[in-house]
Structure formats: C-alpha cells, structure tokens
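Trainee: here's a sequence, model it:
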Amino acid sequence: MSSLGSAIEAANATLVAKRNLEAVGEYFTDGYTAHVTGRDIRGGHDVVRKTLGALFRAFSSIHVEVEVFLESEDRVCWQRTLTGNQTGSFKGFPASQREVVWRDMVSSQFENGRISEEWVVTDLAEQLLMARKKK
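Mentor: Got it, this is the predicted structure:
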C-alpha cells in the first residue's frame, strides 16, 4: 500500500478509533471540503471536528475497518465499515440503543500529503432508520 492508503488507515485509527480530534490538522488541509449527497460542506478542520464530534456523541463506541480499493498519485478510493451502539440522537434520529453498522464509500483527494477534498456516499441514515424500526 502506498503512503496515501496508509494515511487513510492512520487517519481513521487516530481520529475515529482513538477519538483524537487534536490530530485533525495532521490529516486534513485547512481548506478541506466534503461533497456529500449533492451538497458541498466547506469548513476545513472545523467541519471534520464537528462531524466526528456528532458521531461520538451519538455512538458510545465506534469500531472502524478500512479497505483501500484504488490509489493514484493524489487520490485514494476506499470504504470503511463502522459499527457503534447508538446511545444518543444523530441528525434527527433518536437513540435506538442498538448496534448500527454502516458503510462509507469515499474518494479522497490529497494535497501535500493531507486530505483536501472528499466525495462521500454513506448508508448511515438507512441503517439508523432500520435500527429504529427494530424497536
């Protein structure tokens, strides 16, 4: 695996698994932008911290597995599978107190060794709806 694929794995291990939001600047540029379901979310390090903070408040524990599919000189296409117990509300979905498993498909663009832009497709909302229906 190239250094970019390793950077994706390290970012997930540090930021998600270890919940170390102080390290955001090591992995993301100041001008980071995420493209998620037809909208662009700009905000650099703050958007990463806010997104992860919301996940951490909603899920008492999160386990992450990363699979890198394709790497080029400045881009990595990868998938992560996340598992967590939803003990808090998330984006309008009340806490289900159930384990939720979801997948994110991501294409990460790098600039000077850090992620500058990402395109993300996730099935989290669908999985939260299914967990709610199981009650």
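
Trainee: helix or strand with the lowest mean pLDDT in this protein?
Mentor: The weakest-scoring helix or strand in the chain, judged by mean pLDDT, DSSP states H and E, is helix 124-133 (a mean of 84).

Trainee: quick one: buried residues of that helix?
Mentor: 124, 127-128, 131 (16 or more other C-beta atoms under 10 Å). (C-beta placed from N, C-alpha, C; glycine too.)

Trainee: and the longest helix along the chain, what does it pack onto?
Mentor: Looking across the chain with DSSP state H, the single longest helix is helix 44-58. Contact analysis of helix 44-58 by 3 or more C-beta pairs under 8 Å, 6 or more residues apart in numbering; DSSP states H and E lists helix 24-27, strand 28-36, strand 75-86 as its packing neighbours.

Trainee: 6 Å instead?
Mentor: In terms of contacts (3 or more C-beta pairs under 6 Å, 6 or more residues apart in numbering; DSSP states H and E), helix 44-58 is packed against helix 24-27, strand 28-36.

Trainee: turn these into CSV, columns for distance to residue 16 and mean neighbour count.
Mentor: Compiled in CSV, the helices and strands packed on helix 44-58 are given as follows (distance: least, C-beta to C-beta, whole Å; neighbours: other C-beta atoms under 10 Å):
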stretch, distance to residue 16, mean neighbour count
helix 24-27, 11, 17
strand 28-36, 13, 17
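
Trainee: got those as TSV, with distance to residue 117 columns?
Mentor: Converted to TSV, the helices and strands packed on helix 44-58 look like this (distance: least, C-beta to C-beta, whole Å):
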stretch	distance to residue 117
helix 24-27	13
strand 28-36	5
